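Peer 1: Please work out how this folds:
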Amino acid sequence: MYFIARNNKIYNYIVHTSFMRRYLVTCGVVCAFFIGGFYLVYSPLVDHIAFFTAERINLQKKYDELMQINKNGNDLSVLIEDNKKNISIYAFSDDKRQEHCHARMLFVLDTVAQLGLKLNTYGSCKEKDKKWYIKDSAHFDIVGSLEKIMTFLETIKNSHKMITISHATITRVDDTTFQISCDCGLITIKK
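Peer 2: Numbers count the residues shown, from 1 in each chain. You can find the predicted model right below:
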């Protein structure tokens, strides 16, 4: 025995409808199911996949940047340690600092003498005590040809003896003679 639903409208419609109409309605229901599935499931799923793919790419970039920063930080740590060693070579205690300062001042005065420049005035050393260094500075007025003055400045620059020339003023005395007024700073790193 089998069940026959006599008062069911859907059953009556299916039984009493033509063969072609039944298959068209069935295809319509199946198409509606797939279209509904596409718009309700697949389309939001594709949007979420695209969103999370973009997030993954963004996080990968941030990770790569973080790795580069860590690498740069390690490189800088090595450089800092090397520079600490280099600075300790140039750092002097108070008793040796005075000797070192005098030796560099003699270097400046010897450079003036060797180049044939004339030292008009020499101001005494003034000491500036900072947190990690001490700067002794003296004022010079040097007279000579422009080429000799430029050679003097270049010699000081190339000496690598932590000597600075500041407040430099070059004035013409006559046709071939110039005067440079400058402050010469001798920097000593504290221990």
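Peer 1: After the worst-scoring helix or strand of the chain on mean pLDDT, which helix or strand is next?
Peer 2: Lowest mean confidence among the helices and strands of the chain (mean pLDDT, DSSP states H and E): strand 91-92, at a mean of 66. Using DSSP states H and E, the next helix or strand after strand 91-92 towards the C-terminus is helix 94-114.
Peer 1: What residues sit buried inside that next one?
Peer 2: 97, 101, 104, 105, 107, 108, 111, 112 (16 or more other CB atoms under 10 Å). Backbone N, C-alpha and C define where each C-beta goes, glycine included.
Peer 1: now residue 170, what's its secondary structure?
Peer 2: strand (DSSP: H, G, I helix; E, B strand; the rest coil).
Peer 1: isn't it right next to residue 177, touching?
Peer 2: No. Between residue 170 and residue 177 there is no contact under CB atoms under 8 Å: 11.2 Å.
Peer 1: would you list every one of the strands in this structure?
Peer 2: 91-92, 118-122, 126-129, 133-144, 163-172, 178-190 (DSSP state E).
Peer 1: ranking those strands by mean pLDDT, which is last?
Peer 2: Of all these, the minimum mean pLDDT falls on strand 91-92 (a mean of 66).
Peer 1: Could I get the contacting residues of residue 169?
Peer 2: Residues near residue 169 by CB atoms under 8 Å, 6 or more residues apart in numbering: 180, 181, 182.
Peer 1: For the nearest residue to the last one once chain neighbours are set aside, list the residues it contacts.
Peer 2: Counting by CB to CB, 6 or more residues apart in numbering, residue 168 is the residue found nearest to residue 182 once chain neighbours are left out, at 4.0 Å. For residue 168, the residues meeting the contact criterion (CB under 8 Å, 6+ apart) are 153, 180, 181, 182, 183.
Peer 1: Filter those residues down to the buried ones and hand me the PyMOL line.
Peer 2: Buried members of the contacts of residue 168, defined by 16+ other CB under 10 Å, are picked up in PyMOL with:
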select buried, resi 153+180+182
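Peer 1: Can I get the contacts of residue 168 in TSV including distance to residue 190?
Peer 2: Shown next, in TSV, are those (distance: CB to CB, whole Å):
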residue	distance to residue 190
153	28
180	30
181	30
182	25
183	21
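Peer 1: Between the contacts of residue 168, which sits nearest residue 123?
Peer 2: Checking those against residue 123 with CB to CB, the nearest one is residue 183 at 8.3 Å.
Peer 1: How much space separates residue 152 from residue 187?
Peer 2: 19 Å (CB to CB, to the nearest Å).
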